[in-house]
Structures are given as structure tokens and as C-alpha cells.
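Student: model the structure of this input:
(chains A and B)
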Number of protein chains: 2
Amino acid sequence: MVKNYKIIVSYDGTRYNGWQKQKNVESTIQGKLEALLTRLAGKEVTVQGSGRTDAGVHALGQVANFRMDTELSEGELFQAMNQYLPEDIAVLELKTASDRFHSRLSAVGKTYCYRIYTGKAKPVFDRKYVWQLPERPDVSRMRKAAAFLPGQHDFRSFCGNKHMNKSTIRRLDRIEIVEDGEELRLVFEGNGFLQNMVRILTGTLVECGLGERSPEEMKEILEARDRSASGQMAPARGLTLVEVRY
Amino acid sequence: MVKNYKIIVSYDGTRYNGWQKQKNVESTIQGKLEALLTRLAGKEVTVQGSGRTDAGVHALGQVANFRMDTELSEGELFQAMNQYLPEDIAVLELKTASDRFHSRLSAVGKTYCYRIYTGKAKPVFDRKYVWQLPERPDVSRMRKAAAFLPGQHDFRSFCGNKHMNKSTIRRLDRIEIVEDGEELRLVFEGNGFLQNMVRILTGTLVECGLGERSPEEMKEILEARDRSASGQMAPARGLTLVEVRY
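Tutor: Just a heads-up that it's a prediction; the model follows:
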């Protein structure tokens, strides 16, 4: 019997060309999952993710679903997936979902975390998971700038896809900036995020923190609805998709 | 003027064939440091470490010293080293030491930490820094076994070098076993450690924890003064040299 499985997936994105399967690109998370499940099922299995993550971006709790006809129990399928997936991709949870469950369309919210390291020593063990800045941005300026962002807005200025022809309106529920020693963590919660949105928001907030922009500019950037109004995109390695809510 | 520099070095040992320079082996930590310093000095510089670390073993605070004639200030030398070293090797501290300072001979103690992961999910982000065990060892049995070890003993049974022709007597000051969620951390403090000693101690303690040996055997293993009496060597990836004391 074909069942609809929901999985929570964690991955170190360093080695991958992002979540989404691409033609002629071997290494994507979706591609690895589909190849394995297709092998286990003996026929093609398509894996639907809650959304894409960029090349080099990590996940603690990406969610995906797939339909599959297998005699394996949930426990056996869970174990087989973890055994055959590479050591930088893990299935944290697997269960049968209702047939209507769709990891992208059913999602009501997501949390991302962006890690910035501002210490003097090279972050040897975290080097693939942080954006290393030579100078510490002023957190109070960053918070002032971030305060303009929560709410429902057209975030087109923070969308990396210039040809986006669908709505760029999203609701950002919260931006929290946590200071933890030599690290800053920016936590973003919202109902959905545009392509590169968290990385462009982070890059722009850092420019405010470094005094390259005034925090008040954030309002104008939002209103411009133009990618050229916002700041540089922060590197992929600092970003992690923490959670998808349903 | 030739000065004797003391450095504290941190590295992710995953990619390296250990600390010590070897003929025809490109990638060692000592080799990387010497190649860089020789280039900066314009003549050969030899780097003396506090001790070797095995291939794949990490360091938070390895200590080394080298004699070098340079016009660079300490700050400039520090910066140049961090700039030109690969991103998995960092110099945390650099200062001029007295001419008599010798990182190995002057050392009075060392701390190592061994990380064991016993969770069900694959440790995607820590995979290079932990030993993953499918079963959680009984920590009270491990502590019982560990209690036989502190003090000055002949640790020959825990020495990986069968041809060791120097003294195998060492003083182990402390073994602490910390439970932290799905992780166990074994902290070893002593005046010095034999080749592979921490890894063989860890492997043997785990065998006690899994019920494969009784904790009381530890006494006999020590007395045997024979490597074949002790247990398997734990994998390199879980081990980190935390600190060297002077």
C-alpha cells in the first residue's frame, strides 16, 4: 500500500549543491534521498521538501514527504535510510502522515538561525557553520534596524530571485539577535521565506551594525521593493534551517 | 635576533596525518607550521611540539615552540601565521618565551578529552569529533573501572608502541566521566601520556561499560604490563588535546 511518509532531516550542507535536485548536478540533499528511496522501493520515489536550501546551507530540522509502497515498517525504513545515507545527512524522525500532508503547502512557519563569529582566533571547529567577521557589528544598531522588519511586508528587496513572478509578501514574526561570547546568532521566524531572504536580511543588518548604513534605512529598503536597495548577501555557511512548523 | 617563540595551536585533525612531520607524508600539523615559518624566515625553522597527536586527533590547546630570527613583531607574526595557515589550523596565542622553554620537556601536565556519542540520530554536525556507539555503556561500571587508574603506574598495557624502550611510568591525576545528554565525555589529566594511551584507556573503559569486561579487571590489566591485556583502541576522531600545562 502506498503511504505518505513525513521525515525530519538534518544535514551539514557544506558538500552539497543545496536541497533541490538539479539536472547534471550530482550532489543535492533531495537527490541523495530520492536515489536511496528509489533503490529501496524498486521504483521512482519523489521527495518533496518544505522548501529549498541554498548550496552550503545546513539544516537541523528540514521536513520532507514522499509517497512509497514498501513492506518495510516505519522503524525499518528509518533505519535503512540512516544506514545508507552519507554521514552528513540524517533522518531524525520518520512517520506515516495523512494523505493530504504536503511538506511545503502544509507548512505554517519556519525558523532559521544565522551564526556570526567575531572572535580573533580562527574558529577551527565551527568554520563551516559560521560567518567570520573581522569586526564586531554594533548589536544595538542591528536591533534597531531589525525592528523595522517584523510584520507582513512585501520583501521583494530581500529576494535573490530577480525573476520572481509570484507574491513576495511574507509575514516575519520575529528576529532575535543573541549575543553569546564571540558569537552573534540571528534567529528568524516567519510564515515563509523568499530565495536568499535570510542571507540578504543578515547581510543588510550587518551593514547597519558596522555603520555602513543607518538602521532607519531599513524602512526605505523595504519600500523600494528592489533587490539593489538592500545589502550584500551573507555567506551560506552561517545559515541553518532550524525548524518547520505545521 | 633569534627568539624562542611559544605558540598555542588549535586544529581539526581530520585531514591530517597527525602532528609529527614524516618523510613523504605531506599533511601533518608540524609540517604545515614548519613550511610556513621557514617561508617567513627565509631559512629552516623547526617546530617542537609538546607531544605528538595521532592522525585524526584534534587539539584545542597544543603547545609548541620554535626559534626564529625575524623582524616581524609578535603581533605581526601571529597574524601572518593565522592568515597563511589552512582554516583548520589556528594559532591562539604567540609570545616570546625564555630561551630555556621547551614545549615538551618543560610540560608538567596535559588534559585530553574523549567524546562518545550514544544518541540514536546520526551526529551530523559532530561526526568528526565523536566516537559513535550504538549502545550506551553503563557509566557506573566505567567509573568503577576508571577508579583503578589514577596514580603513578607503569601504563605499558596502554601503550600502542610495542617497541617502546623508554619508561612507561606515568602519573594519571584524574579521569572524569561526564554525562551530557546523548554524549559521554572522558576527561584525562596526567603528567604525560604514552602513544595511543588515552584511546586505549577509553576503549578499555567502554568495554567495561558494555559488560564485556568487569571493572575489577582494570587492576590486572595494569599489572600485566602488556598491550594484549587491555582493550581495543578507541577511534582517533573522538579525541582532543585540550591543554598543556607548564
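Student: every contact and neighbour count from this point should use C-alpha atoms.
Tutor: Fine.
Student: same for the one helix or strand A:Leu92 maps to, what does it pack against?
Tutor: Element membership for A:Leu92, per DSSP states H and E: strand A:89-97. Using 3 or more C-alpha pairs under 8 Å, 6 or more residues apart in numbering or on different chains; DSSP states H and E as the contact criterion, the secondary-structure elements in contact with strand A:89-97 are strand A:2-11, helix A:74-84.
Student: for A:Asp126, which of those is the nearest?
Tutor: Checking the helices and strands packed on strand A:89-97 against A:Asp126 by C-alpha to C-alpha gives strand A:2-11 as the closest, at 14.8 Å.
Student: in its sheet, what does the closest one sit against?
Tutor: In its sheet, strand A:2-11 lies beside strand A:58-69 (antiparallel), strand A:89-97 (antiparallel), with partners assigned from DSSP bridges.
Student: buried set for the longest one?
Tutor: Taking 16 or more other C-alpha atoms under 10 Å in any protein chain shown as the neighbour-count basis, strand A:58-69 is seen to contain the buried residues A:His58, A:Ala59, A:Leu60, A:Gly61, A:Gln62, A:Val63, A:Ala64, A:Asn65, A:Phe66, A:Arg67, A:Met68.
Student: which segments of chain A make up each domain?
Tutor: Using automatic domain parsing, the domains assigned to chain A come out as A:2-97, A:109-245.
Student: want to try TSV for those, with mean pLDDT as columns?
Tutor: Supplementary listing: the domains of chain A in TSV, determined by pLDDT from 0 to 100:
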stretch	mean pLDDT
domain A:2-97	96
domain A:109-245	97
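Student: nearest to B:Ser140, out of the ones you listed?
Tutor: B:Ser140 lies closest to domain A:2-97 among the domains of chain A, at 28.8 Å (C-alpha to C-alpha).
Student: the closest one: end-to-end distance?
Tutor: Across its full length, domain A:2-97 reaches 11 Å end to end, with C-alpha to C-alpha, to the nearest Å as the criterion.
Student: tally of neighbours for A:Ala145?
Tutor: The burial metric for A:Ala145, expressed as a neighbour count using other C-alpha atoms under 10 Å in any protein chain shown, is 23.
Student: wait, I meant A:Asn165
Tutor: Applying other C-alpha under 10 Å, I find that A:Asn165 has 7 neighbouring residues.
Student: in chain A, which spans are strands?
Tutor: Counting by DSSP state E, one finds strands in chain A at the ranges A:2-11, A:47-49, A:58-69, A:89-97, A:109-117, A:131-132, A:151-154, A:169-180, A:183-190, A:239-245.
Student: kindly reformat these as JSON lines containing distance to B:Glu179.
Tutor: What follows is the strands of chain A, written out as JSON lines (distance: least, C-alpha to C-alpha, whole Å):
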{"stretch": "strand A:2-11", "distance to B:Glu179": "24"}
{"stretch": "strand A:47-49", "distance to B:Glu179": "35"}
{"stretch": "strand A:58-69", "distance to B:Glu179": "23"}
{"stretch": "strand A:89-97", "distance to B:Glu179": "22"}
{"stretch": "strand A:109-117", "distance to B:Glu179": "27"}
{"stretch": "strand A:131-132", "distance to B:Glu179": "31"}
{"stretch": "strand A:151-154", "distance to B:Glu179": "42"}
{"stretch": "strand A:169-180", "distance to B:Glu179": "23"}
{"stretch": "strand A:183-190", "distance to B:Glu179": "26"}
{"stretch": "strand A:239-245", "distance to B:Glu179": "25"}
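Student: near chain B, which residues of chain A?
Tutor: Residues of chain A found near chain B (C-alpha under 8 Å from any C-alpha of the partner chain) are A:10-12, A:82, A:87-92, A:121-125, A:127.
Student: quick revisit: including distance to A:Asn161, could the strands paired with strand A:2-11 go into a markdown table?
Tutor: Listed next are the strands paired with strand A:2-11 as a markdown table, based on distance: least, C-alpha to C-alpha, whole Å:
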| stretch | distance to A:Asn161 |
| --- | --- |
| strand A:58-69 | 20 |
| strand A:89-97 | 27 |
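Student: right, and those - which one's nearest A:Cys159?
Tutor: Comparing the strands paired with strand A:2-11 under C-alpha to C-alpha, the one sitting nearest is strand A:58-69, at 19.3 Å.
Student: how much does that closest one deviate in direction from strand A:239-245?
Tutor: Interaxial angle of strand A:58-69 relative to strand A:239-245 (axes from the mean of the first three to the mean of the last three C-alpha atoms, to 10 degrees): 50 degrees.
Student: what does strand A:58-69 contact?
Tutor: When contacts are defined by C-alpha atoms under 8 Å, 6 or more residues apart in numbering or on different chains, strand A:58-69 is touched by residues A:1-14, A:41, A:45-50, A:101-104, A:129, A:237, A:239-244.
Student: try it again with 7 Å
Tutor: By C-alpha atoms under 7 Å, 6 or more residues apart in numbering or on different chains, the list of residues contacting strand A:58-69 from outside reads A:1-13, A:41, A:45-50, A:102-103, A:239-244.
Student: now those residues: which count as buried?
Tutor: Using 16+ other C-alpha under 10 Å, the buried ones in these are A:4-13, A:45-50, A:102-103, A:239-244.
Student: A:Phe158 reaches A:Arg225, doesn't it?
Tutor: No: A:Phe158 is not in contact with A:Arg225 according to C-alpha atoms under 7 Å; the separation is 8.1 Å.
Student: neighbour count winner among the two?
Tutor: The residue with more neighbours, out of A:Phe158 and A:Arg225, is A:Phe158; 30 against 18, by other C-alpha under 10 Å.
Student: and the more buried one, how close does it get to chain B?
Tutor: Per C-alpha to the nearest C-alpha, to the nearest Å, A:Phe158 is found 29 Å from chain B.
Student: residue contacts, the closest residue to that residue other than its chain neighbours?
Tutor: Once its chain neighbours are removed from consideration, A:Phe158 has its nearest residue in A:Met197; the separation is 5.1 Å (C-alpha to C-alpha, 6 or more residues apart in numbering or on different chains). Residues in contact with A:Met197, defined by C-alpha under 7 Å, 6+ apart, are A:Phe158, A:Cys159, A:Gly160.
Student: A:Lys219: which of the residues you listed is nearest?
Tutor: A:Phe158 (12.4 Å).
Student: can you pull the contacts of that closest one?
Tutor: Taking C-alpha under 7 Å, 6+ apart as the criterion, A:Phe158 is in contact with A:Met197, A:Ile200, A:Leu201, A:Arg227, A:Ser230.
Student: now do stretch A:118-135: distance to the chain's middle.
Tutor: For stretch A:118-135, the separation from the chain centroid amounts to 20 Å (computed by C-alpha atoms, centre = their mean, to the nearest Å).
Student: whoops, stretch A:161-172 was the one
Tutor: Distance of stretch A:161-172 from the chain centroid (C-alpha atoms, centre = their mean) equals 16 Å.
Student: name the residues that touch stretch A:122-142?
Tutor: With C-alpha under 7 Å, 6+ apart as the criterion, stretch A:122-142 contacts A:14, A:115-118, A:205-206, A:208-210, A:215, A:235, A:237-238, B:11-12, B:87-90.
Student: ends of it, what's the gap?
Tutor: Across its full length, stretch A:122-142 reaches 24 Å end to end, with C-alpha to C-alpha as the criterion.
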